[in-house]
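Enquirer: Requesting a structural model of the entry that follows:
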Amino acid sequence: MNLPNKLTLIRIAMVPLVVLVYLLIPSDLGILHESNHLAFRDVLAFLIFAAASITDMLDGQIARKNNLITSFGKFADPIADKMLVNTVLILLVYTHQANVIAVLLMIARDLVVDGLRMIASQHGKVVSAGFYGKLKTVLQMFAIVFLLLKNWPFVYIGIPVDQILLWAAALVSVFSGWIYFMKLKSYVLESM
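Expert: Numbering: from 1, shown residues only. Presented below is the predicted three-dimensional model:
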């Protein structure tokens with residue numbers, strides 16, 4: 001197994017780790033400021049998420065640079081990404097740090113796009129991520145970081161950057177899903 005695939009498996013292994021952190025560490029451990037409670041579990045989850053995100057960046061760079069792109073990597077890398085991001089978003093909803101509607105929109109979009117890609121691949125068409133799909137991912141990553149860190153440092157000036165980024169990610173997510181659907185609708189509608 002090559003290094004990029006090992007990094008992908010490490011990222012997948014970090015998913016249950018972040019779940020354990022959120023479910024087993026009490027939320028009242030650690031205080032950043034009296035009006036902005038930053039729990040130890042949030043900081044630890046942020047560190048795990050950051051490390052996992054770095055493995056995502058590294059596995060792609062190493063695979064492309066050294067021509068180590070494999071079928072396993074093509075299969076597992078996007079699954080690892082979605083497992084990580086969606087799990088953390090669900091945990092943030094569970095702890096009332098993220099809006100459930102925004103998170104449901106993003107997860108529903110991922111399911112629809114994955115289905116569209118699967119149908120397209122059955123017709124021999126490979127659909128890579130477009131600009132808006134990549135923008136959605138970047139917005140999700142930043143939203144998660146600020147949500148985990150309780151909107152630090154913007155909490156001190158009253159700007160809800162975490163929520164702005166979350167809703168921006170949800171809107172771009174829906175828009176990019178619409179673009180995928182419009183590109184691939186002929187494959188879906190042909191058998192109706």
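Enquirer: So which residue is smack in the middle of the protein?
Expert: In the chain, the centroid-proximal residue (CA atoms, centre = their mean) is Val85; its distance is 2.7 Å.
Enquirer: which ones are touching it?
Expert: Applying CB atoms under 8 Å, 6 or more residues apart in numbering to Val85 gives the contacts Thr137, Gln140, Met141, Ile144. Just so you know, the C-beta spots here come from the backbone N, C-alpha and C atoms, and that holds for glycine as well.
Enquirer: what does the average pLDDT come to for whichever strand or helix holds Leu139?
Expert: Using DSSP states H and E, Leu139 maps to helix 131-148. In this model, helix 131-148 carries a mean pLDDT of 95.
Enquirer: Tell me the buried residues in that helix?
Expert: 132-133, 135-137, 139-148 (16 or more other CB atoms under 10 Å).
Enquirer: Can you give the contact residues for that helix?
Expert: Against helix 131-148 from outside (CB under 8 Å, 6+ apart): 42-43, 45-46, 49-50, 53, 81, 85, 88-89, 92, 97-98, 106, 109, 113, 129, 152, 154, 161-162, 165-166, 168-169, 172-173, 175-176, 179-180.
Enquirer: returning to that earlier point: and which of the buried residues of helix 131-148 is nearest Val15?
Expert: Ile144 (13.2 Å; CB to CB).
Enquirer: Got the domain ranges for the protein?
Expert: 1-97, 99-192 (automatic domain parsing).
Enquirer: if we can go back for a sec, report the two of the buried residues of helix 131-148 separated the most.
Expert: That would be Tyr132 and Leu148, which, of the buried residues of helix 131-148, are the farthest apart (CB to CB) at 24.3 Å.
Enquirer: in this protein, which spans are helices?
Expert: In the chain, the segments counted as helices under DSSP state H are 3-24, 40-65, 71-94, 100-122, 131-148, 161-189.
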